[in-house]
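> kindly return the folded structure for what I paste below:
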Amino acid sequence: MTGKRMAMQEYLEADGISASGLNLVHRSPAHYMADKLGVKKDTDALIFGGMFHTLALEPELFDVEYGVLPEGIDKRTTIGKQAFANWQIENNGKSAIKKEDFDKAQGMAASLRAHTRANSALNGGHAERSVFFHLECSAHGPTLCKSRFDYVTPNGLIVDLKTTTDARPDAFSRDCWKYGYHRKAAFYMSAYKAEFKEKAKGFLFVAIEKDAPYAVSVFLADEGMIDQGEREYMIDLNTYAECIQSNIWPSYPDEVMAIQLPRWAQDDGMMSG
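Numbering: from 1, shown residues only. Below you'll find the model as predicted:
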């Protein structure tokens, strides 16, 4: 399995709905369209995430794509602005990385390599491969989709590298629900099968904390998680297809809705004291 190696920007600009796009549709089609039509800006978090992925998955490309800024450059001053301009000339086309961010990413990458299971999952396979495929959608027929795998092992495991504030099982399972990781996992499993005509062996999360000691946990998505993720992303895919047909991209319901406290915050009518 190789997939297609392409630059991230090329992938982002290519046609097809991605798991990230469907995650926006899950919130509302209007949020998806606002993101699609909006001016994309590289935030510090996005730059850091991309840089860390490169260090962890394709370290040989780091010096090609990134440059570490010398310490002490203050772009608020005339001297600092000139120093940064000179650095840009010397590092034409590279993304600028702060030294402290580079040091943190290096520490995180070292922690991954020191973790037996994570290191094994991220060796011998293929990193950052993109695939384009069609999924049958009841509202629109075959719908063009795309996925970019962080890593695929030689035996067909899909590996997704996730940074988090807490890599313990209970905390990371909440991340999975909050950020829709279960839908992404199911979508990627479908992408693998559509592109390569066989079922992936499974979906592996490698979760690493963003602060020292950069603790790592490795999780295998269970069958129930994948099944629920597939049910949910298919609803979103049909919604997306319907919006394409109608060219109407609605936001939240135009009605008054009842609201209650989250189930965990309700006291079941009990009074203390």
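
> could you pull out the helices for this protein?
Assigned by DSSP state H, the chain shows helices spanning 8-13, 19-27, 29-37, 44-57, 62-65, 78-90, 99-114, 116-121, 169-179, 181-196, 223-246.

> so which of these comes closest to D150?
When those are compared by CB to CB, helix 44-57 sits nearest D150, at 6.5 Å. Quick note: C-beta positions are derived from backbone N, CA and C, even for glycine.

> buried sites along that closest one?
I47, F48, G49, G50, M51, F52, H53, T54, L55, A56, L57 (16 or more other CB atoms under 10 Å).

> report the two of those residues separated the most.
Using CB to CB, the two most remote members of the buried residues of helix 44-57 are I47 and L57, lying 16.0 Å apart.

> quick one, which of the helices of the chain is packed in tightest?
Highest mean neighbour count among the helices of the chain (mean count of other CB atoms under 10 Å): helix 181-196, with a mean of 22.

> ok, and what's touching it?
By CB atoms under 8 Å, 6 or more residues apart in numbering, the surrounding residues in contact with helix 181-196 are 1, 3, 19-20, 22-23, 26, 131-135, 145-147, 149, 152, 156, 158, 160, 162, 175-176, 198-200, 203, 205, 221, 225-230, 232-233, 236.

> pLDDT of stretch 64-72, averaged?
Taken as a whole, stretch 64-72 carries a mean pLDDT of 84.

> repeat for stretch 142-154
In this model, stretch 142-154 carries a mean pLDDT of 95.

> next one: stretch 26-36
Throughout stretch 26-36, pLDDT has a mean value of 95.

> angles on the backbone of K197, please.
phi 60, psi 30 (degrees, to the nearest 10).

> quick one: it from G16, how far?
Distance from K197 to G16, counting by CB to CB, to the nearest Å: 19 Å.

> neighbour count for these two, which is higher?
G16 (16 against 7; other CB atoms under 10 Å).

> ok, for that one, nearest residue in space, not its chain neighbours?
Among residues not flanking G16 along the chain, K146 sits closest, at 3.5 Å (CB to CB, 6 or more residues apart in numbering).

> beta partners for that neighbour?
When assigned by DSSP bridges, K146 has beta-bridge partners F132.

> count the neighbours of it for me.
A count of neighbours around K146, defined by other CB under 10 Å, yields 18.

> how close does it get to W249?
The gap separating K146 from W249 is 20 Å, by CB to CB.

> equivalent analysis for A265, please.
Going from A265 to W249 by CB to CB gives 33 Å.

> settle it for me: which of those two has more neighbours?
Per other CB under 10 Å, whichever of A265 and W249 has more neighbours is W249, with 19 against 7.

> can you pull the phi/psi pair for the more buried one?
According to degrees, to the nearest 10, W249 has phi -120, psi 80.
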